[in-house]
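Novice: Take a look and give me a structure for this.
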Amino acid sequence: MGFENHDVERKTLAILKAIDTLNRPSGARIIAQCLQDQGISLSERAVRYHLQLTDERGLTELVGRHDGRAITDRGRDEIRAAMVKDKVGLAISRIELLAFHTTLDYERGNGAVPVNISLFRRDRFKKALQAMRPVFERGLSASPLVAVIDSGERIGDMVIPGGQVGLATICSVVVNGALLKAGIPMDSRFGGTLQIRNHRPLRFTEVIHYDGCSLDPSEIFIRAKMTSVRETASTGSGEILANFREIPAACRPLADRVLEGLSRARVGATVTMGNTSEALCEVPVEPNKIGVILLGGLNPVAAAYEAGIEAENHSMSTTMDYERLVDYREVLCCG
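Specialist: Numbers count the residues shown, from 1 in each chain. The predicted structure follows:
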């Protein structure tokens, strides 16, 4: 941002995020209350001082004396670009946070599940769905359940922009959440591209560890065109998005029951689970632990990208009510 004072920089960034979350012109009082709800204590007077700074730098603009400030496009760009050092390790932190907020009761079919949000141009959405269809049909997604969010609607902290459609796909973190609720710790090691040969997992060809990455590795692999999900769906061989986890070997029986419950709820697809202390798909496993490979929730979106249909992906974005999700075939019929 160019501010000399680091404390001022952090507070100003928090204010920008608050205005963006409120999604409407807001005054100092409302912004201060929003910050208070997030555990950040700033007086109205302090907020007004920082708003003068953001106005000067073109990050906010005064809509009216009674309406307050609105964030500018430059302000939104600043949110995305600022405080890079605070983003290191964000992926693993996001996994842990979403796992904690996962409240799915797979027996009753309700509760919150973690989702990815992918934004498509409205005029390309139908073609995107058709490109994704074989991936869902071949069981290469974390779940066949999805949700469509129309422009202007809010999900989590995001409002779907005009002219776009949001597609919510279940994130593999749902497994972390379900195991956590059952008292089973799960170590999320990395995301990668998993080579499939004759419908069977062979090896990871590329990996990015969560604890040193600010983005979900899946987003990186999709953008870099390092997947062949469409080919895998068609021929049974190719490279798909997958995630590697570990659990204590002593928890295996209970983990099996949880995974079976998730399967009945049609979420959290598992590629394979290894044996105690044995390498899985050529990945070494810690002593007295078991390797678990989960399907990436963005595999359908990767297939669309391979077909030339781009999307803006917000992986591990938020949680949503399980009851809002529908079978992908219902979306295809309406798309």
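Novice: Tell me, what's the model's pLDDT at residue 275?
Specialist: On pLDDT, residue 275 comes in at 95.
Novice: For it, give me its contacts.
Specialist: Residue 275 is in contact with residue 290, counting by C-beta atoms under 8 Å, 6 or more residues apart in numbering. (Glycine included, C-beta is placed from N, CA and C.)
Novice: doesn't it fall inside a strand?
Specialist: No: counting by DSSP: H, G, I helix; E, B strand; the rest coil, residue 275 is not part of a strand but coil.
Novice: which other residues reach the helix or strand where residue 303 lies?
Specialist: According to DSSP states H and E, residue 303 maps onto helix 299-306. Helix 299-306 is contacted by residues 116, 118, 120, 128, 131-132, 134-136, 140-142, 167, 169, 218, 221-223, 225, 227-230, 233, 240-241, 296, 311, 313, 328 when judged by C-beta under 8 Å, 6+ apart.
Novice: Just the buried residues of the residues you listed.
Specialist: By neighbour count, with 16 or more other C-beta atoms under 10 Å, the contacts of helix 299-306 hold 116, 118, 120, 128, 131-132, 134-136, 140-142, 167, 169, 218, 221-222, 227-230, 233, 240-241, 296, 311, 313, 328 as buried.
Novice: excluding its backbone neighbours, what's nearest residue 262?
Specialist: residue 268 (4.1 Å; C-beta to C-beta, 6 or more residues apart in numbering).
Novice: err, residue 328, not the other one
Specialist: residue 136 (4.6 Å).
Novice: for the strand or helix carrying that neighbour, packing partners?
Specialist: Per DSSP H and E, residue 136 falls inside helix 125-137. Judged by 3 or more C-beta pairs under 8 Å, 6 or more residues apart in numbering; DSSP states H and E, helix 125-137 is in contact with strand 164-170, helix 229-235, helix 299-306, helix 328-334.
Novice: Can you name the element that comes right after it?
Specialist: For helix 125-137, the following helix or strand on the C-terminal side (DSSP H and E) is strand 145-149.
Novice: who does that following strand pair up with?
Specialist: According to DSSP bridges, strand 145-149 has the following sheet partners: strand 164-170 (antiparallel), strand 326-327 (antiparallel).
Novice: what distance separates the helix or strand just after the longest one from the centre of its chain?
Specialist: Remark: after strand 164-170, the chain's next helix or strand is helix 173-181, criterion DSSP H and E. Between the centre of helix 173-181 and the centre of its chain there are 15 Å (C-alpha atoms, centre = their mean, to the nearest Å).
Novice: which of the residues in helix 173-181 are buried?
Specialist: By 16+ other C-beta under 10 Å, the buried positions in helix 173-181 come out as 173, 174, 175, 176, 177, 178, 179, 180, 181.
Novice: which one of those sits closest to residue 11?
Specialist: Residue 11 has its nearest neighbour among those in residue 173, at 30.6 Å by C-beta to C-beta.
Novice: and the gap between that closest one and residue 127?
Specialist: For residue 173, the distance to residue 127 equals 28 Å [C-beta to C-beta, to the nearest Å].
Novice: Same question for residue 99.
Specialist: Applying C-beta to C-beta, the value for residue 99 to residue 127 is 34 Å.
Novice: Pick out whichever of the two has more residues nearby.
Specialist: residue 99 (21 against 16; other C-beta atoms under 10 Å).
Novice: Hmm, that one is touching residue 177, no?
Specialist: Yes: using C-beta atoms under 8 Å, residue 99 is in contact with residue 177, at 4.3 Å.
Novice: Now do the shared contacts for the two.
Specialist: Common neighbours of residue 99 and residue 177 (criterion: C-beta under 8 Å, 6+ apart): residue 114.
Novice: ok so, going back, quick check, pLDDT for the residue nearest to residue 328.
Specialist: At residue 136, pLDDT is 96.
Novice: Alright, calling it a day.
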